[in-house]
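**Q** need a 3D model of the sequence below.
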Amino acid sequence: MAVTVNVHEAKTHFSKLLARVSLGEEVVIAKAGKPVARLVAIKGKPRKRVPGLDKGKIWMSPDFDAPLPDDILDLFYK
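**A** Prediction:
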């Protein structure tokens, strides 16, 4: 069940609202009585990045940074 608070109350009691959210509660922030945002806890841990995971899956042409032909360059400056 979500609790709704106005913007002023959310700014004044932000730390308390975060504590409630960390316990699983959902907080809806409203402006002039209309909901504009939802404050919810982040679920799960982000996956750890593994360097080199895509090694061998990407190919790049040896001349990838060669200058473009004039006719293509002209298209950028029209």
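**Q** all helices of the protein, in order?
**A** Ranges of helices in the chain, per DSSP state H, are 7-12, 14-22, 70-76.
**Q** and the first one, what does it pack against?
**A** Judged by 3 or more C-beta pairs under 8 Å, 6 or more residues apart in numbering; DSSP states H and E, helix 7-12 is in contact with strand 26-31. In short, each C-beta sits where N, CA and C put it, glycine included.
**Q** can I get the helices of the chain in JSON lines with distance to Gly33, mean neighbour count and mean pLDDT?
**A** Converted to JSON lines, these look like this (distance: least, C-beta to C-beta, whole Å; neighbours: other C-beta atoms under 10 Å; pLDDT from 0 to 100):
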{"stretch": "helix 7-12", "distance to Gly33": "11", "mean neighbour count": "13", "mean pLDDT": "96"}
{"stretch": "helix 14-22", "distance to Gly33": "18", "mean neighbour count": "13", "mean pLDDT": "96"}
{"stretch": "helix 70-76", "distance to Gly33": "50", "mean neighbour count": "8", "mean pLDDT": "93"}
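**Q** redo those helices as a markdown table? Include distance to Ile58.
**A** What follows is the helices of the chain, written out as a markdown table (distance: least, C-beta to C-beta, whole Å):
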| stretch | distance to Ile58 |
| --- | --- |
| helix 7-12 | 45 |
| helix 14-22 | 40 |
| helix 70-76 | 24 |
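**Q** apart from its neighbours in sequence, what residue is nearest Glu6?
**A** Just to correct that, residue 6 is Asn rather than Glu. Computed as C-beta to C-beta, 6 or more residues apart in numbering, the closest residue to Asn6 that is not its neighbour in sequence is Ala30, at 5.6 Å.
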